[in-house]
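Asker: Pasting the sequence and the predicted coordinates here, then a few questions.
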Amino acid sequence: MSGGSAGNLSALVVARDTARYRRIEAGLPEMRMRVVVSDQAHSSIKSALNIVSMDALVVSTLDGRMTEANIRAALA
């Protein structure tokens, strides 16, 4: 595993665990989480998401950038 892949995995574990903790503290049930990623995301992101049991919500980009409108469309 490359340093970048390990870093992505580590960051996703922290994000998942933090979100779970906050949901439990708020009295909300556990659920499978989704992460907003661009259509340009490296393949290691999808692999890391699979390892940590999270899903990718893929957002199309305009010139390599996600826009609010595209994020809203992906969430709809």
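Answerer: Looks like it arrived, so ask away.

Asker: contacts for the helix or strand containing Leu12?
Answerer: Per DSSP states H and E, Leu12 falls inside helix 3-25. The contact list for helix 3-25 (C-beta atoms under 8 Å, 6 or more residues apart in numbering) reads 1, 29-31, 33, 35, 42, 44-45, 47-49, 51-54. In short, each C-beta sits where N, CA and C put it, glycine included.

Asker: how does it look with 7 Å?
Answerer: With C-beta atoms under 7 Å, 6 or more residues apart in numbering as the test, helix 3-25 has contacts from Glu30, Met33, Ser44, Ile45, Ala48, Leu49, Ile51, Val52, Met54.

Asker: in it, what's buried?
Answerer: Residues Asn8, Leu9, Leu12, Arg16 are the ones in helix 3-25 that count as buried (16 or more other C-beta atoms under 10 Å).

Asker: mind checking how far it is from the chain centre?
Answerer: Using C-alpha atoms, centre = their mean, to the nearest Å, the distance from the centre of helix 3-25 to the centre of the chain it belongs to is 9 Å.

Asker: helices or strands up against the helix or strand following that helix?
Answerer: Counting by DSSP H and E, the next helix or strand C-terminal to helix 3-25 is strand 34-38. In this structure, strand 34-38 makes packing contacts with strand 55-59, judged by 3 or more C-beta pairs under 7 Å, 6 or more residues apart in numbering; DSSP states H and E.

Asker: Helix or strand next in line after the strand it packs on, which one?
Answerer: Following strand 55-59 in sequence, per DSSP H and E, is helix 68-75.

Asker: which strands and helices sit next to that next one?
Answerer: So helix 68-75, by 3+ C-beta pairs under 7 Å, 6+ apart, packs with strand 55-59.

Asker: Residues touching the strand it packs on, excluding its own?
Answerer: Taking C-beta under 7 Å, 6+ apart as the rule, strand 55-59 contacts 32, 34-39, 46, 49, 66, 70-71, 74.

Asker: my guess is Leu49 contacts Val36, does it?
Answerer: No. Between Leu49 and Val36 there is no contact under C-beta atoms under 7 Å: 11.3 Å.
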